[in-house]
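Undergrad: need a structure here:
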Amino acid sequence: MRSRERVAWLACGGFSVLALLALLLPPRRDAAAGATGVPDPTPATPTGAPPDLGSMSPRERFDRLYNRVMTAAEAGNTAEVSRFSPMAFAAYGQLDSADADARYHAAVLYLHVASDTAAALRLADSIAIDAPGHLFANLIRGTAARQSGNAALLARSQREFLAAWAGEMQKDRSEYRDHRTILDQFREKALRETAPRTPTGQ
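TA: Numbering: from 1, shown residues only. Next comes the predicted model:
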């Protein structure tokens with residue numbers, strides 16, 4: 001993982017103590033997510049003893065914090081977003097390695113929490129380098145382009161996403177199953193927006 005993606009967030013104070021609260025929310029996937037592609041905002045009811053942070057892998061900590069932030073964002077809880085998003089970025093920075101799914105989650109945080117399209121696009125490029133044609137790369141690029149008003153990048157990302165769709169879906173990647181709703185939504189919008197338009201009057 002690039003050092004500049006790690007260093008900026010490793011200085012968050014009190015990470016372990018505050019993260020203990022966040023980890024009471026079990027991880028969710030967006031298989032049934034809405035248009036934003038974030039997890040179901042319905043909070044889980046904690047039961048039993050709090051989880052032992054020492055027994056969790058760095059990836060488990062990142063997943064729990066990501067879901068806590070996105071659940072808060074979906075619910076409009078800006079206080080929790082502000083509180084836990086630095087810890088989510090810190091947890092991502094502590095990963096020894098990051099697969100496409102983790103990089104996608106980090107990009108979602110950069111786009112929807114930090115409004116940092118440049119950081120999200122760097123993650124998209126890293127996914128494309130490791131797995132050429134991976135749908136997440138152009139999903140991130142298209143979302144960043146729409147957010148920043150970059151029409152050329154949006155059109156290119158949509159074309160490349162649609163061109164790669166059939167071959168990529170045949171690979172049955174687990175991250176595609178976990179995020180099928182947002183992938184389908186991006187594809188449907190790309191099909192509408194890239195379809196040839198009939199000239200007016202014909």
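Undergrad: tell me where the model's unsure across this structure.
TA: 1-54, 198-202 (pLDDT under 70).
Undergrad: how is it partitioned into domains?
TA: 1-97, 100-196 (automatic domain parsing).
Undergrad: ok, Glu80 touching Leu65?
TA: No. Applying Cβ atoms under 8 Å as the test, Glu80 and Leu65 come out as separate, 11.1 Å apart. Yep, even glycine has a C-beta here, placed from its N, CA and C like the rest.
Undergrad: neighbour count for the two, which is higher?
TA: Leu65 (28 against 17; other Cβ atoms under 10 Å).
Undergrad: and for the residue nearest to the more buried one when sequence neighbours are not counted, the neighbour number?
TA: Leaving aside its chain neighbours, Leu65 sits nearest to Ala88 (3.9 Å; criterion: Cβ to Cβ, 6 or more residues apart in numbering). Other residues near Ala88 number 28, with proximity taken as other Cβ under 10 Å.
Undergrad: now the strand or helix carrying Ala88: buried residues?
TA: Taking DSSP states H and E as the definition, Ala88 sits inside helix 78-93. Neighbour-count burial for helix 78-93 flags 80-81, 83-93 (criterion: 16 or more other Cβ atoms under 10 Å).
Undergrad: tell me the one among those nearest to Glu168.
TA: For the buried residues of helix 78-93, the closest approach to Glu168 (Cβ to Cβ) belongs to Tyr92, at 24.1 Å.
Undergrad: from Asp96, how far off is the closest residue to His112 other than its chain neighbours?
TA: Sequence neighbours aside, Ala73 is the residue nearest to His112 in space, at 6.3 Å (criterion: Cβ to Cβ, 6+ apart). Taking Cβ to Cβ, to the nearest Å as the measure, Ala73 falls 27 Å from Asp96.
Undergrad: the more surrounded of the two?
TA: Neighbour count, other Cβ under 10 Å: between Ala73 and Asp96, Ala73 has more, with 22 against 8.
Undergrad: by contact count, what packs against the helix holding Ala88?
TA: Identification of packing neighbours for helix 78-93 by 3 or more Cβ pairs under 8 Å, 6 or more residues apart in numbering; DSSP states H and E yields helix 3-7, helix 15-22, helix 58-74, helix 100-112.
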